[in-house]
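Asks: structure for the following, please:
(2 chains)
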There are 2 protein chains.
Amino acid sequence: MLREPQQERSRTTRRRLIEAAMDCIGERGWHGVTVAVIAERAGVSRGAAQHHFPTREDLVAAAVELLGESQITELRTKADGLPTGASRIFGVVEMVLNLYTGPMFRAALQLWAVASSDEQLRGTLVPLEARVGREAHRVTVELLGVDEAKPGVRELVQATLDLARGLGLANLLTDDTRRRRQIVREWAHTLETRLSGTGEA
Amino acid sequence: MLREPQQERSRTTRRRLIEAAMDCIGERGWHGVTVAVIAERAGVSRGAAQHHFPTREDLVAAAVELLGESQITELRTKADGLPTGASRIFGVVEMVLNLYTGPMFRAALQLWAVASSDEQLRGTLVPLEARVGREAHRVTVELLGVDEAKPGVRELVQATLDLARGLGLANLLTDDTRRRRQIVREWAHTLETRLSGTGEA
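Replies: This next block holds a predicted model:
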């Protein structure tokens, strides 16, 4: 059997630890999770885990970055399959409004809840979330193919992403798929009307 | 000094315990809080606290109900001061989109985060949240003075409340007031356009 090159192995281990961290935090919450618990879940020795990530905070920082990147990649990949023209807005709105309905959002929410009363974790999360948020905004603008120089466009894109996070919350304790589908349709229709308008605000 | 009638005293004690519970949960999270901690914060004996609320779940149920009621009361009271006509929509949107930016939302979020991996707490919260959510929807429709029989109106009101919760999340770790103000303006404009339209969907 060929040995993986060391750099490759190291990257695989990091990724496994990050994924295990988000799984564990999503299931048990921040307080139920230690680096040792995460290492066990990932099938990695505690020493190796601590070599990559000395503290839970380091793991969380890496996880938030990975999560942000994979959301952006997912958006771009799916967007490649979308039609051009009017139905494109519906497709993009559908993707964006479904962005926070998975298990990763559940894990992120655990972190936000804890960070709201934990100075250290807040210090780690705030700059990361700002960067991930800006990137999600930039990609949404690009996929919608709209011009942010027009009055109101920037705020409508922001509102779309805030609405997406609100829909993530609504989907946390119960399956909100059916209700969300109606909202997607109505919001796509609204954006179409507003974005194709004269841009008056 | 006049003695409070017993029923009155009992109501005051309940209210004090509920408020202390939400304060404690907002500050320390669900895991850092016991009925004993809450009783101390409320200045109530542990025995009296347990007489009113045998478990933390009982306290949480009462808190979510009180929170829902006080939000509705706040909406109605503020709405009395709003003008009629076009600027009314702006006023209502501003109130609704600011609804989840206070310390109570922080406490509620702690509960949701925990409930997403705690069967018992979820069982307590889901029916309560559904009731509080329906009531918030009903009042928003009433304050906007819109007709839900028109296509799309129901979904736009739902989206407004989901957006409000998303904006609550965005305000959790940093002060998001300035950005939110722009979104309020744009959302009000959007609702005005869509709700005063012909109702095509």
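Asks: quick check: domain ranges of chain A?
Replies: Domains of chain A are assigned by automatic domain parsing as A:1-54, A:56-195.
Asks: tell me how far the shortest one lies from the chain's centre.
Replies: Taking the mean of its C-alpha atoms, domain A:1-54 sits 20 Å from the chain's own mean (Cα atoms, centre = their mean, to the nearest Å).
Asks: one more: the last one?
Replies: On the basis of Cα atoms, centre = their mean, the separation between the geometric centre of domain A:56-195 and that of its chain is 7 Å.
Asks: returning to that earlier point: pick the most buried one from the domains of chain A.
Replies: domain A:56-195 (a mean of 18; mean count of other Cβ atoms under 10 Å in any protein chain shown). (Glycine included, C-beta is placed from N, CA and C.)
Asks: what is the end-to-end distance of that domain?
Replies: 43 Å (Cα to Cα, to the nearest Å).
Asks: A:Ser117 contacts B:Ile25, doesn't it?
Replies: No - look at A:Ser117 against B:Ile25 with Cβ atoms under 8 Å: they stay out of range, at 9.4 Å.
Asks: return the nearest residue of chain A with respect to chain B.
Replies: Of the residues in chain A, the one nearest chain B is A:Gly166, at a distance of 3.2 Å by Cβ to the nearest Cβ.
Asks: element containing that residue?
Replies: If you go by DSSP states H and E, A:Gly166 is part of helix A:153-170.
Asks: kindly reformat the domains of chain A as CSV containing mean pLDDT.
Replies: Listed next are the domains of chain A as CSV, based on pLDDT from 0 to 100:
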stretch, mean pLDDT
domain A:1-54, 86
domain A:56-195, 91
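Asks: okay if I get the ones you listed as a markdown table plus distance to B:Thr140?
Replies: Below are the domains of chain A laid out as a markdown table (distance: least, Cβ to Cβ, whole Å):
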| stretch | distance to B:Thr140 |
| --- | --- |
| domain A:1-54 | 32 |
| domain A:56-195 | 14 |
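Asks: before we move on, what SS does A:Glu148 have?
Replies: Secondary structure of A:Glu148, reduced to three states by DSSP: H, G, I helix; E, B strand; the rest coil: coil.
Asks: that one against A:Val141, yeah?
Replies: Yes - counting by Cβ under 8 Å, A:Glu148 touches A:Val141, with 5.8 Å between them.
Asks: overlap in contacts of those two?
Replies: A:Val157 (Cβ atoms under 8 Å, 6 or more residues apart in numbering or on different chains).
Asks: so what does A:Asp176 have for phi and psi?
Replies: phi -110, psi 20 (degrees, to the nearest 10).
Asks: who touches it in this structure?
Replies: A:101, A:167, A:170.
Asks: now A:Ala136
Replies: Neighbours of A:Ala136 in contact, by Cβ under 8 Å, 6+ apart: A:68, A:71-72, A:75, A:99, A:161.
Asks: and chain B, which of these reach it?
Replies: The subset of the contacts of A:Ala136 within reach of chain B, by Cβ under 8 Å from any Cβ of the partner chain, is A:Leu161.
Asks: please enumerate the helices of chain A.
Replies: A:6-28, A:35-42, A:46-52, A:56-80, A:86-97, A:103-115, A:119-144, A:153-170, A:177-195 (DSSP state H).
Asks: just to revisit the earlier point, could you list every helix and strand in contact with the helix holding A:Gly166?
Replies: Helix A:153-170 sits against helix A:86-97, helix A:103-115, helix A:119-144, helix A:177-195, helix B:153-170, helix B:177-195, with contacts defined as 3 or more Cβ pairs under 8 Å, 6 or more residues apart in numbering or on different chains; DSSP states H and E.
Asks: mind putting the ones you listed into TSV with distance to B:Ser10?
Replies: Shown next, in TSV, are these (distance: least, Cβ to Cβ, whole Å):
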stretch	distance to B:Ser10
helix A:86-97	46
helix A:103-115	32
helix A:119-144	38
helix A:177-195	39
helix B:153-170	33
helix B:177-195	39
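Asks: which one of those helices lies closest to B:Trp30?
Replies: helix A:103-115 (8.7 Å; Cβ to Cβ).
Asks: ok, is the closest one in contact with chain B or not?
Replies: Yes - Helix A:103-115 reaches chain B (Cβ under 8 Å from any Cβ) through A:106, A:109-110, A:112-115.
Asks: residues touching that helix, excluding its own?
Replies: A:22-23, A:25-26, A:29-31, A:60, A:63-64, A:67, A:121-122, A:124-126, A:168-169, A:172, B:29, B:109-110, B:112-114, B:116-117, B:169, B:172-173.
Asks: and the angle for it with helix A:153-170?
Replies: Put simply, helix A:103-115 runs at 90 degrees to helix A:153-170, going by axes from the mean of the first three to the mean of the last three Cα atoms, to 10 degrees.
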